[in-house]
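# Pasted the sequence and its predicted model underneath.
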Amino acid sequence: MAVAAPQLVVKHLPQGAGFALEKNRQALVVVVGFFVLLFYALGDSFLSGYEVYADEPPYSFFVASGLLSALMAGLWMRRGEVPVAESIFVSLLFGAALGAAAYPAALRVNAFTDQDGLRRYAYQLTPELTLKPLTDGLPVLAFPRYPEYWSQFKRDSIHDFELRRGGLAFYQLNIQPLNLAMREFYEKQNNKR
C-alpha cells in the first residue's frame, strides 16, 4: 500500500498586503528618519541632559512640529505610491519621533546660539518651596518632586543657579550642581534610616 507524499500548499497573499517599505524610496527615507530621530531623542535626553528648561517647555511647538512633519511625510509617501495605511502609520511614527527629538534639540540650539554662556543668578526660597528670582525677568524655579530637600533650608534663604538665555529666547538651567547636592542629601537621609 503506497502512502501519498504530503503536498505543500502555498497560499498567495491578497494584493496590497505586506507592502515592502524598504523597496520604496520615500517610505525608506521616512523610516530611516524615524530611527535617526528616535535614537537622537533618547540619546540626547538621557546621556547629555545637564541643562533643562527653566520654565515650562514649549510643548505646543513640539506637538505642532510633530503633526506638521507627519502630514508632510504622509503626503510625500502617498506621492511615492505607498499605500494609505502604511503612509498613515509610518508618518505618525515619524511625526512622534520628530516631536520628541525637538525637545532636546531646542535646548541644544538655544545653548549654541547663546552669546553670554551660563550666568549665575540668585534666587530666594519662598514658603511654598518655590524659588523666586532676585533679578527681574527670570523664571520662577520649582522642584515639586523634592520637598524634603528644600524643606531643610530656611524660608527666604538665597540659592544660586546657573542659567542661560539663547537665541530661542528661553531660559535653561544647568541642573548638574543641584543634582549633585540633592544626591548627597538623599544619600545622607538614607544612611540615617
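Done, it's in. Numbering: from 1, shown residues only.

# rest of the way, CA atoms for contacts and neighbours
OK.

# so how far is residue 47 from the residue nearest to residue 171 when sequence neighbours are not counted?
Closest residue to residue 171 apart from its sequence neighbours, by C-alpha to C-alpha, 6 or more residues apart in numbering: residue 165 at 4.5 Å. For residue 165, the distance to residue 47 equals 22 Å [C-alpha to C-alpha, to the nearest Å].

# between these two, which one's more packed in?
Each of residue 165 and residue 47 has its neighbours counted (other C-alpha atoms under 10 Å); residue 165 has more, 21 against 8.

# For that one, grab phi and psi.
phi -130, psi 110 (degrees, to the nearest 10).

# check contacts around it.
Residue 165 makes contact with 110, 111, 114, 171, 172 under the criterion C-alpha atoms under 8 Å, 6 or more residues apart in numbering.

# From residue 162, how far out is the fourth one?
Pointing back at residue 171 there. 10 Å.

# Which one's more surrounded, the two?
Counting neighbours by other C-alpha under 10 Å for residue 171 and for residue 162 shows that residue 171 has the greater number, 22 against 18.

# Quick check: mean pLDDT of stretch 157-173?
Averaging pLDDT along stretch 157-173 yields 95.

# Show the residue spans covered by the strands in this protein.
51-53, 119-125, 130-133, 141-142, 158-165, 171-174 (DSSP state E).
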